[in-house]
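**Q** With the sequence up front, the predicted model follows.
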Amino acid sequence: MIFPRTTKSMGNYTRHPASFKDPSGFVFETNSKIYRQVNKVYKAEYDLLMSSGLYQELVQQQLLIPHVEIEENLTGTDEYYKTILPDQINFITYAYEWCFEELKDAALATLQTLRVSLDYGMIIKDATPYNIQFHKGKPIFIDTLSFEKYDPLQPWVAYRQFCQHFLFPLYLEYYLKADLQKTMTTYMEGVPVEIVSKMLPLKSNLSLGVWLHVYTQNTFRNSTKTKAEQIKFNKKKLLSLVSHLESIIKKFVVRKATIWGNYYEETILGNEYLANKEKLFGEFCKNLTITSALDIGANEGYFAKLLAARNVQVIATDTDSRTIGNLYQFVKKNGITNVLPLILDVTNPSPALGFNNKERLAFHQRIKTELVVALALLHHLVIGKNISLQIIAGYFAEISEYLLIEFVPREDQKVQQMLASRRDVFEDYTIDKFEYYFRPYFIVRKKETIQGTRRTLYLMERK
Amino acid sequence: MITTILLYVDPGSGSYLIQVIIAAILGALFYFKTIWWKIKSFFHRPKKDDISKNDEING
């Protein structure tokens, strides 16, 4: 991943555009690797993290990204104390692409990191989901410079941040039973308490957690009467707060129904179609030497799992958050570490956000894969969203080296269902036109009709 | 709408007071719970099962 350049630097490195808030150090890229510089100002805390045994404990519990120290000032800056090279993360993803269960697990990982830190006399000074990434199938804390010496007299400086980024979005989704991930693209600092308190339904008043963390917090949010130094706090109180947050979050369960229902079971095409498609899919992938794939419209992740079995790192996406939630639970339960389910509306992928629009990169700026899989997707884009084949061909050419795509013809039952409720203005939607528009960008490597159907599977390679 | 006064307050300190309040309420609830357990155990001799359950919770 290449970061967009924001500042002119002396050395041959690019500073991460989101890494500007904390003076303790910064993330940079050089020679296609992501490093983190520890600044002199953070020396005492970094040394404590490493010498207290906290680092080893967190790494052992797979809560913190492991790193090695590089004995070289790669940036040439005066603030340099240490350079660390963390384990490289395949895909950087953000909370607004995660399903409820992913955000829940990230929240619990944050609280567990805090708990372990307290055991070693340290505390985490921030609690945002941007400090968590999914690595080898688990949420892991990536900001090695978030730890500071714990002062038992002080409450947790990141409590409000934790509520706004984790607890409140979880509460909203839990009580409103609606997909609210996109809300987090609006609220970069997390959802404010005054908004949450107005959105939650009346019945949430019956919950002690909501009453304390939302309504009471909202009542006192503007209070400046008590200065931090006048407050007496202690570790026991902090631990009871952490335990309470943990118990609230662990109790969250969500509904299982998806908008797709049992897509493959309900369709008259059924099992035979799926088996034939799987056979072709296997044949098409057999000679592909790829390490990463993006499955757009992954549904239950059937084909994503097949790719995962071939040791490919797969991003499995769908617009429906419950589908993604179910897939996440499946891969978690079965220990499949190379499928990362994400919520993605391909017609409106996550934008670039934050300061100068460079703090959080757009989806396709971050997620680069060799193969893109688009099965039973095309008719949704053309007929469902009015995007022409010509535009779609250009889009796929931008994001994929190899493209595995299924053409679902007009006569297909699913297309007929879509056309039944709207005027047919899709004269161009034919297999000949499909090939015609994709030809300038791609070479067709393989093409087969899926047995028993009129659907056709293509493997294409970008010219 | 975010009240303007918040813009001049350190983001952390605003959340300190609420943590003190929450911790106090949680502490009080725990205190009453403990008293309730004591009253309960005074009138009701715990069976073997209950003892092992309590051990699990406390352990």
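**A** Yes, it's here.

**Q** anything in stretch A:169-181 near chain B?
**A** No: with Cβ under 8 Å from any Cβ of the partner chain as the criterion, chain B is not reached by stretch A:169-181; the gap is at least 15.2 Å. (Glycine included, C-beta is placed from N, CA and C.)

**Q** list the buried ones in that stretch?
**A** By neighbour count with 16 or more other Cβ atoms under 10 Å in any protein chain shown, stretch A:169-181 contains the buried residues A:Pro169, A:Leu170, A:Tyr171, A:Leu172, A:Glu173, A:Tyr174, A:Tyr175, A:Asp179, A:Leu180, A:Gln181.

**Q** next one: stretch B:25-39
**A** Judged by neighbour count using 16+ other Cβ under 10 Å, the buried positions of stretch B:25-39 are B:Ile25, B:Leu26.

**Q** just stretch A:98-118 next, same as before
**A** By neighbour count with 16+ other Cβ under 10 Å, stretch A:98-118 contains the buried residues A:98-114, A:116-118.

**Q** is it anywhere near chain B?
**A** No: using Cβ under 8 Å from any Cβ, stretch A:98-118 never reaches chain B; the gap is at least 13.1 Å.

**Q** any idea how far A:Asn307 is from chain B?
**A** In this structure residue A:307 is Leu, not Asn. Here A:Leu307 is placed at a distance of 43 Å from chain B (Cβ to the nearest Cβ, to the nearest Å).

**Q** who are the neighbours of the helix or strand encompassing that residue, in terms of helices and strands?
**A** Element membership for A:Leu307 (DSSP states H and E) is helix A:302-308. Other helices and strands packing on helix A:302-308, by 3 or more Cβ pairs under 8 Å, 6 or more residues apart in numbering or on different chains; DSSP states H and E, are helix A:270-286, strand A:292-296, strand A:313-318, strand A:339-343, strand A:371-374.

**Q** For that helix, give the mean pLDDT please.
**A** Averaging pLDDT along helix A:302-308 gives 94.

**Q** quick one: that helix to chain centroid distance?
**A** With Cα atoms, centre = their mean, to the nearest Å as the basis, the distance from the averaged C-alpha position of helix A:302-308 to the chain average is 19 Å.

**Q** For residue 15, grab the count of nearby residues.
**A** In the absence of a named chain, chain A is used. 19 (other Cβ atoms under 10 Å in any protein chain shown).

**Q** not quite, I wanted chain B
**A** B:Ser15: 24 neighbours (other Cβ under 10 Å).

**Q** Kindly report the same for the one 5 residues further on.
**A** Neighbouring residues of B:Val20 were enumerated by other Cβ under 10 Å; the total is 18.

**Q** on contacts alone, who are the packing partners of the helix or strand harbouring it?
**A** Per DSSP H and E, B:Val20 falls inside helix B:14-43. When contacts are defined as 3+ Cβ pairs under 8 Å, 6+ apart, helix B:14-43 packs onto helix A:159-162, helix A:235-251.

**Q** between the ones you listed, which gets nearest to A:Leu206?
**A** helix A:235-251 (13.5 Å; Cβ to Cβ).

**Q** So is that closest one next to chain B?
**A** Yes: remark: helix A:235-251 sits within contact range of chain B at A:Lys237, A:Leu238, A:Ser240, A:Leu241, A:His244, by Cβ under 8 Å from any Cβ.

**Q** quick one: which of these is nearest to chain B?
**A** Distance ranking of the residues of helix A:235-251 next to chain B against chain B, using Cβ to the nearest Cβ, places A:Lys237 first at 3.7 Å.

**Q** so what's the closest residue to A:Ser52 other than its chain neighbours scoring on pLDDT?
**A** Among residues not flanking A:Ser52 along the chain, A:Tyr120 sits closest, at 4.6 Å (Cβ to Cβ, 6 or more residues apart in numbering or on different chains). Looking at A:Tyr120, its pLDDT is 97.

**Q** now A:Tyr120: how far from A:Leu238?
**A** As judged by Cβ to Cβ, to the nearest Å, A:Tyr120 and A:Leu238 stand 14 Å apart.

**Q** Could you give the number of residues near A:Asp126?
**A** Neighbours of A:Asp126 (other Cβ under 10 Å): 19.

**Q** Who are the contact partners of the nearest residue to A:Leu238 once chain neighbours are set aside?
**A** Distance criterion Cβ to Cβ, 6+ apart; nearest residue to A:Leu238, sequence neighbours excluded, is A:Trp156 at 6.1 Å. If a contact means Cβ atoms under 8 Å, 6 or more residues apart in numbering or on different chains, then A:Trp156 has A:Leu114, A:Ile123, A:Phe162, A:Leu238, A:Leu241, A:Val242, B:Ser15, B:Gln19 as its contacts.

**Q** Who are the contact partners of the last one?
**A** Listed by Cβ under 8 Å, 6+ apart, the contact partners of B:Gln19 are A:Pro155, A:Trp156, A:Tyr159, A:Phe233, A:Lys237, A:Leu238, A:Leu241.

**Q** One more: the second one?
**A** Applying Cβ under 8 Å, 6+ apart, one finds that A:Ile123 lies in contact with A:Leu114, A:Ser117, A:Phe147, A:Glu148, A:Lys149, A:Tyr150, A:Trp156, A:Val157.

**Q** Domains in chain A, by residue range?
**A** Following automatic domain parsing, one finds the domains of chain A at A:1-256, A:263-462.

**Q** Can you say which of the ones you listed is nearest to B:Leu29?
**A** domain A:1-256 (8.0 Å).

**Q** residues from the stretch 51-200 of chain A in reach of chain B?
**A** Counting by Cβ under 8 Å from any Cβ, the stretch 51-200 of chain A sits next to chain B at A:Gln154, A:Pro155, A:Trp156, A:Val157, A:Ala158, A:Tyr159, A:Arg160, A:Gln161, A:Pro192, A:Glu194.

**Q** if we take the residues you listed, which one ends up nearest to A:Lys251?
**A** For those, with A:Lys251 as the reference and Cβ to Cβ as the criterion, the closest is A:Tyr159, at 19.6 Å.

**Q** Identify the residue nearest that closest one in space, chain neighbours excluded?
**A** Nearest in space to A:Tyr159, with sequence neighbours left out and distances taken as Cβ to Cβ, 6+ apart, is B:Ser15 at 4.7 Å.

**Q** ditto for A:Arg410
**A** Nearest to A:Arg410 is A:Tyr429, by Cβ to Cβ, 6+ apart, at 5.9 Å.
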